[in-house]
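**Q** predicted model and sequence below, questions to follow.
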Amino acid sequence: MLRSDEPVEDRQPDLERLRELARRVRVESVRAVARAKAGHPGGSLSATDLLVALYFTELNIRPDEPRWDGRDRYVHSKGHACEALYATMALRGYFPLEELETFGRLNSRLQGHPDMTRLPGLDMSSGALGVGFTGAVGIAMGSRLRGSNERTWVMLGDGECQEGVVWEAAFIAGRYRLDNLVAIVDFNELQQTGWAGTDPTRREAPWEFEALAGHWAAAGWAVHETDGHDFPAILGAFERARSVTGRPVVIIARTTKGKGVSFMEANSLWHARVPTEDELADAVRELDEAI
Amino acid sequence: MKQFSGEATLGRGSLRDAFAVTITKLADERSDIALLDGDNANSSQAEMFAAAHPDRFLQMGIAEQNMVGVAAGLATMGFMPFVSAYACFEVYRAHDQIRVLVSQTGLPVRLVGGSAGLLFGLAGKTHQTPDDVAVMRAMPGMTVIAPGDEIETRQVLRWALDYPGPLYLRLTRGTSTHLFDETYEFEFPRAVSLRDGSDVAILSTGVQTTRVLDALPEIEAAGYRPLVVHVPTLKPLDEDAIVEAAERTGRVVTVEDHSIIGGLGSAVSEVLSARRPTLVHRIGVQDVYAESATNDELLTKYGLSATAVARSTIDWLSAT
């Protein structure tokens, strides 16, 4: 049922293993930001469970052969949240875990926003919001044109969905009924600044859920919803997405920005803040204790 | 310096039609060619391609930013996408997509900018592109080519099939007289001398080269013997040819249907200031937006007609 090139016995979703992998991705993400003294912890932590579920249960990929032509494609359109992507790829075997230490250093393959010309395994560059998504639509269209059956997955932020080009791309994917394309919206309800709300302790969400869902539906997409931190729910959403024909699918995943580190959770300050040494230690301790 | 010693065939042709006919024919030979249209195929004549290859004709609607991103995605899947739109929307509206997904990735996307330059007739300044070369030339890894006639357009398209990187092809609207005959062979990235001369080098690009040739009788009547060099490839530049032209004549005039900022005139000045300091007179759009008018009226007012080129050249030569 779950697609992978790994032997059948490894395909069973071992929920404990996925949770452990997600914990390690979170730890590595926060460490990477602290080491580089730059990065995007909040959006990395919200996307972590979705990335782990994709890379360890869903994507038909060969990490030791990253350019294998028959692979499923993945585009990280919310490219600023690349720490979680790099940590996930390292754990999946694309490159040694130690290479994460190069993040933020000169000559690294791990750029501040994903660069396909540097790191094999990236199917599209991204970072200027909305742009990666347009590339993903082109990839899915290419699969359709050449008659091959790999699937293209792409993740966007909910703030990213304010970019006009997202709706150009959504319209075209809907118009061409690209049912080989699945978009995941990391609906963490915070952007870098956003708008002050009536509640002084909380910024307003980039989108109201129903409004965002309505936009995708109006562009011709099947709209699914999931809890973006619950692995059975995520895996179920992936399976439902695969069963849809005649339309592209968007999974709007309800997540928490900064998930897993209490002082980062649901706080827009952690969109791009660097933890101090003490904060890093607290974050790692908290993540370790959660298991 | 490469020389064209044939005779221009009599007649006129449209770069736009040459593009549509040639890409349709090339797609018979090459199954990887896809044509993305920004909702102007009935103007660009890309409908010809749509009729012959409906599966590989991708109507992208009025959404140029996404169109460029889709082309990049297609390129990663083994296709050679040609993006056809009015140059103004392709270059400016979709600039970030070109930057991040084409220039920065080096993917073999072919950006075909139609109705480029000043000659968009009544459409006016929103649709004219007096600075597209400046913008595209500044992008690392981007190749910029402005063919001079329909014969060269066909040659460039065939050449482009085996070129591995990003490409911007600047096509002028309307018909223009031939510079070349069928013996001509486009040779990337070389400039080509069309007339030998000794006391001034006139370098031009795109269809503007036809108006330089039309200006020659008046310039020659004033006693000058210009070396005329057509520069189809604006990036990378045929630097050796430009230096040679300056060495042989001592004075250089550049002429282009483009702003004097950032286009051929700037590129030539950049090369000569480093390798062979030479006085350069840049004829082009003088850092202004133009307006709605007939093409002939625009050429006259903005100094690009044959007469205007001749007078500007003679005035400058007599003053230096």
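**A** That came in fine, so what should we check first?

**Q** wait, what's in contact with the closest residue to B:Val21 other than its chain neighbours?
**A** Residue nearest to B:Val21 in three dimensions, not counting chain neighbours: B:Met48, with 6.7 Å by Cβ to Cβ, 6 or more residues apart in numbering or on different chains. From N, CA and C alone the C-beta is placed, and that goes for glycine too. By Cβ atoms under 8 Å, 6 or more residues apart in numbering or on different chains, B:Met48 lies in contact with B:Ala20, B:Val21, B:Thr24.

**Q** pLDDT at residue 278, what is it?
**A** Assuming you mean chain A. A:Asp278 carries a pLDDT value of 97.

**Q** you looked at the wrong chain, it should be chain B
**A** 98.

**Q** what's the answer for B:Ala8, then?
**A** 73.

**Q** chain center to the helix or strand encompassing A:Val137, what's the gap?
**A** Per DSSP states H and E, A:Val137 falls inside helix A:131-146. Helix A:131-146 has its C-alpha centroid displaced from the chain centroid by 17 Å (Cα atoms, centre = their mean, to the nearest Å).

**Q** phi, psi of residue 72?
**A** Just going to use chain A. phi -70, psi 150 (degrees, to the nearest 10).

**Q** CA atoms of whichever strand in chain B runs longest as PDB?
**A** In chain B, assigned by DSSP state E, the strand with the most residues is strand B:251-259. Written as PDB, here are the backbone C-alpha positions of strand B:251-259 (Å, rounded to 0.1, in the frame of the first residue of the first chain):
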ATOM      1  CA  ARG B 251      35.900  54.900 -33.900                       C
ATOM      2  CA  VAL B 252      32.900  52.900 -33.000                       C
ATOM      3  CA  VAL B 253      29.200  53.600 -33.400                       C
ATOM      4  CA  THR B 254      26.600  51.300 -31.900                       C
ATOM      5  CA  VAL B 255      23.000  51.200 -33.100                       C
ATOM      6  CA  GLU B 256      20.100  49.300 -31.400                       C
ATOM      7  CA  ASP B 257      16.400  49.300 -31.000                       C
ATOM      8  CA  HIS B 258      17.000  49.400 -27.300                       C
ATOM      9  CA  SER B 259      18.000  51.900 -24.600                       C
END
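
**Q** quick one: the residue nearest the centre of chain B from B:Pro232, how far?
**A** In chain B, the residue lying closest to the centroid (Cα atoms, centre = their mean) is B:Ala146, at 1.6 Å. In this view, B:Ala146 and B:Pro232 are 6 Å apart by Cβ to Cβ, to the nearest Å.

**Q** which SS state does B:Gly262 fall under?
**A** Assigned with DSSP: H, G, I helix; E, B strand; the rest coil, B:Gly262 falls in the coil class.

**Q** how does chain B divide into domains?
**A** Split into domains by automatic domain parsing, chain B comes to B:13-177, B:192-319.

**Q** quick one: mean pLDDT over the longest one.
**A** pLDDT averaged over domain B:13-177 equals 97, rounded to a whole number.

**Q** what about it, distance to the chain center?
**A** 12 Å.

**Q** same thing with the shortest one?
**A** For domain B:192-319, the distance from its own C-alpha centre to the chain's C-alpha centre is 14 Å (Cα atoms, centre = their mean).

**Q** pLDDT weak spots in chain A?
**A** Chain A contains residues with pLDDT under 70 at A:1-12, A:291.

**Q** which parts of it sit against chain B?
**A** Neighbours of chain B within chain A, by Cβ under 8 Å from any Cβ of the partner chain: A:115-117, A:123-128, A:130-131, A:133-143, A:145-146, A:164-165, A:168-169, A:171-172, A:175.

**Q** so which of the domains of chain B is the most surrounded?
**A** Comparing the domains of chain B by mean neighbour count (mean count of other Cβ atoms under 10 Å in any protein chain shown), domain B:13-177 comes out on top with a mean of 22.

**Q** now do the end-to-end distance for it.
**A** 6 Å (Cα to Cα, to the nearest Å).

**Q** try stretch B:246-254
**A** 12 Å.

**Q** one more: stretch A:35-49?
**A** End-to-end distance of stretch A:35-49 (Cα to Cα): 23 Å.

**Q** ok, for the residue nearest to the centre of chain B, nearest residue in space, not its chain neighbours?
**A** Leaving aside its sequence neighbours, B:Ala146 sits nearest to B:Gly206 (Cβ to Cβ, 6+ apart; 3.6 Å).

**Q** doesn't that neighbour belong to a helix?
**A** No: using three-state DSSP, the assignment for B:Gly206 is coil, not a helix.

**Q** contacts only, for B:Ala50.
**A** B:Ala50 touches B:Leu35, B:Asp37, B:Ala41, B:Phe57, B:Gln59, counting by Cβ under 8 Å, 6+ apart.

**Q** could I get these as CSV with distance to B:Arg282 and secondary structure?
**A** Output for the contacts of B:Ala50, formatted as CSV (distance: Cβ to Cβ, whole Å; DSSP: H, G, I helix; E, B strand; the rest coil):
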residue, distance to B:Arg282, secondary structure
B:Leu35, 35, strand
B:Asp37, 35, strand
B:Ala41, 36, helix
B:Phe57, 40, strand
B:Gln59, 40, strand
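
**Q** farthest-apart pair in these, please.
**A** Farthest pair in those (Cβ to Cβ) is B:Leu35 and B:Gln59. Separation: 9.7 Å.

**Q** check which helix or strand the residue nearest to B:Val21 maps to.
**A** helix B:47-52.

**Q** residue ranges of the helices in chain A, please?
**A** Per DSSP state H, chain A carries helices over the ranges A:15-36, A:41-53, A:82-92, A:131-146, A:164-175, A:209-218, A:231-243, A:277-289.

**Q** and the last one with helix A:15-36, angle?
**A** Going back to what we said before, that points to helix A:277-289. If you take axes from the mean of the first three to the mean of the last three Cα atoms, to 10 degrees, helix A:277-289 sits at 170 degrees to helix A:15-36.

**Q** which positions within helix A:277-289 qualify as buried?
**A** A:Glu279, A:Leu280, A:Asp282, A:Ala283, A:Val284, A:Glu286, A:Leu287 (16 or more other Cβ atoms under 10 Å in any protein chain shown).
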